[in-house]
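Colleague: What would the 3D arrangement of this be:
(one chain, ligands or ions: 2)
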Amino acid sequence: AMGKNQLLSPDRVINVAHRGASGHAPEHTLLAYDMGKKMKADYIELDLQMTKDGHLIAMHDETLDRTTNGLGRVKDHTLAEIKRLDAGSWFNKKYPEKANPAYVGLKVPTLEEILSHFGRSANYYIETKAPEVYPGMEEKLIRSLKKHKLLGKGSKRGQVIIQSFSPDSLKKVHQLDTQVPLVQLGNFPMDKKTIAELKTYAIGVGPNYKNIDQTYVQKVRQAGFLLHPYTVNEKEEMHRLIKWGVTGMFTNFPDRLYEVLKKK
Ligand code: G3P
Ligand code: CA
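Modeller: Ligands and ions are numbered 1, 2, ... in the order given. Just a heads-up that it's a prediction; the model follows:
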């Protein structure tokens with residue numbers, strides 16, 4: 001039996017700070033993750049890419065263009081090159097009403113830096129992005145998590161969830177460590193065959209909230225999966241999804257979801 005206080009309980013709704021509190025601060029910066037934690041998110045969400053010299057960094061896109069003042073592919077740049085970039089100023093330009101001088105010059109964090117910064121005081125919801133572009137990414141991720149005692153002996157169940165749109169990447173992680181909970185992103189049909197296939201490695205699914213309805217939510221829950229739709233930013237949507245029976249959601253505004261959950 002699993003109590004409501006357990007992170008992976010199907011009887012609670014977890015609050016996942018998508019790319020950190022990315023509605024308030026530049027996504028995938030330590031500052032945005034810190035803010036997510038302060039807003040009482042249960043998890044900080046991070047997307048992984050890999051540098052030319054094999055370091056895992058937190059970034060959503062495969063290119064540097066949108067969220068830094070650099071250009072080109074992550075895989076064609078060394079960590080040292082990426083560390084010279086400004087990962088905050090774009091936010092001030094794009095959202096002048098939310099601009100803050102403290103965001104200027106923020107750096108792209110490595111997975112190692114994030115895990116060192118928060119240690120076991122945070123829960124991590126980590127996505128392997130473009131795994132076909134970055135061979136070895138799963139091995140590096142598992143190694144880092146073990147090094148920081150976030151996986152393996154003595155670790156807390158649910159402290160880390162690994163997610164991906166790629167079934168192959170998740171299956172690889174499952175082979176490396178059968179204990180780590182996995183969530184399959186994407187809109188998978190809930191037919192018998194797909195359910196059976198997903199059950200071999202995943203404990204949950206993460207669809208785009210725009211593509212689901214109440215019937216789908218019921219099917220997913222009946223199949224025994226956790227259900228964490230992305231990316232839900234409006235309180236009305238949050239209320240609706242909770243009423244339907246989701247077990248958590250990704251949001252750029254963990255403060256809003258916290259308020260919604262408090263009133264439940
Ligand atoms: O990981 C959940 C959600 O973040 C998936 O979409 O593109 O924001 O990584 P994306
Ligand atoms: Ca993601």
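Colleague: tell me what the helix or strand hosting Val16 is packed against?
Modeller: Element membership of Val16 [criterion: DSSP states H and E] is strand 14-17. For strand 14-17, the packing partners by 3 or more C-beta pairs under 8 Å, 6 or more residues apart in numbering; DSSP states H and E come out as helix 30-38, strand 43-50, strand 248-251, helix 254-262. (C-beta placed from N, C-alpha, C; glycine too.)
Colleague: Tell me which of the ones you listed approaches Pro229 most closely.
Modeller: Nearest to Pro229, of all the helices and strands packed on strand 14-17, is strand 248-251, at 5.3 Å by C-beta to C-beta.
Colleague: That closest one pairs with which strands?
Modeller: strand 14-17 (parallel) (DSSP bridges).
Colleague: residues in contact with the strand it pairs with?
Modeller: 7, 32-33, 35-37, 39-45, 125, 228, 247-251, 254, 257-258, 261 (C-beta atoms under 8 Å, 6 or more residues apart in numbering).
Colleague: List only those of those residues flagged as buried.
Modeller: Among the contacts of strand 14-17, those buried by neighbour count (16 or more other C-beta atoms under 10 Å) are 7, 32-33, 35-37, 39, 41-45, 125, 228, 247-251, 254, 257, 261.
Colleague: would you turn the helices and strands packed on strand 14-17 into JSON lines with distance to ligand 1 and mean pLDDT?
Modeller: Converted to JSON lines, these look like this (distance: least, C-beta to the nearest ligand atom, whole Å; pLDDT from 0 to 100):
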{"stretch": "helix 30-38", "distance to ligand 1": "13", "mean pLDDT": "98"}
{"stretch": "strand 43-50", "distance to ligand 1": "5", "mean pLDDT": "98"}
{"stretch": "strand 248-251", "distance to ligand 1": "5", "mean pLDDT": "98"}
{"stretch": "helix 254-262", "distance to ligand 1": "14", "mean pLDDT": "98"}
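Colleague: which one of those lies closest to ligand 2?
Modeller: strand 43-50 (4.5 Å; C-beta to the ion).
Colleague: Extract the CA atoms of that closest one and return them as PDB.
Modeller: Taking Å, rounded to 0.1, in the frame of the first residue of the first chain, the C-alpha atoms of strand 43-50 are listed here in PDB:
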ATOM      1  CA  TYR A  43       9.500  18.200  -8.700                       C
ATOM      2  CA  ILE A  44      11.700  20.300 -10.900                       C
ATOM      3  CA  GLU A  45      11.600  19.300 -14.500                       C
ATOM      4  CA  LEU A  46      14.700  19.300 -16.600                       C
ATOM      5  CA  ASP A  47      15.400  18.500 -20.300                       C
ATOM      6  CA  LEU A  48      18.800  17.100 -21.100                       C
ATOM      7  CA  GLN A  49      21.100  17.700 -24.100                       C
ATOM      8  CA  MET A  50      24.700  16.700 -24.500                       C
END
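Colleague: so what does that strand touch, helix or strand wise?
Modeller: So strand 43-50, by 3+ C-beta pairs under 8 Å, 6+ apart, packs with strand 14-17, helix 30-38, strand 56-58, helix 111-118, strand 124-128, helix 137-147.
Colleague: Just the C-alphas of the longest one, formatted as PDB.
Modeller: Just to be clear, that refers to helix 137-147. What follows is helix 137-147 as a C-alpha-only set of coordinates in PDB (Å, rounded to 0.1, in the frame of the first residue of the first chain):
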ATOM      1  CA  MET A 137      23.200   9.900 -22.600                       C
ATOM      2  CA  GLU A 138      21.300   7.300 -20.600                       C
ATOM      3  CA  GLU A 139      24.400   5.700 -19.100                       C
ATOM      4  CA  LYS A 140      25.800   9.200 -18.100                       C
ATOM      5  CA  LEU A 141      22.500  10.100 -16.500                       C
ATOM      6  CA  ILE A 142      22.200   6.900 -14.400                       C
ATOM      7  CA  ARG A 143      25.900   7.300 -13.400                       C
ATOM      8  CA  SER A 144      25.300  10.900 -12.200                       C
ATOM      9  CA  LEU A 145      22.200  10.000 -10.300                       C
ATOM     10  CA  LYS A 146      24.000   7.100  -8.500                       C
ATOM     11  CA  LYS A 147      26.900   9.300  -7.700                       C
END
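Colleague: Alright, that wraps it up for me.
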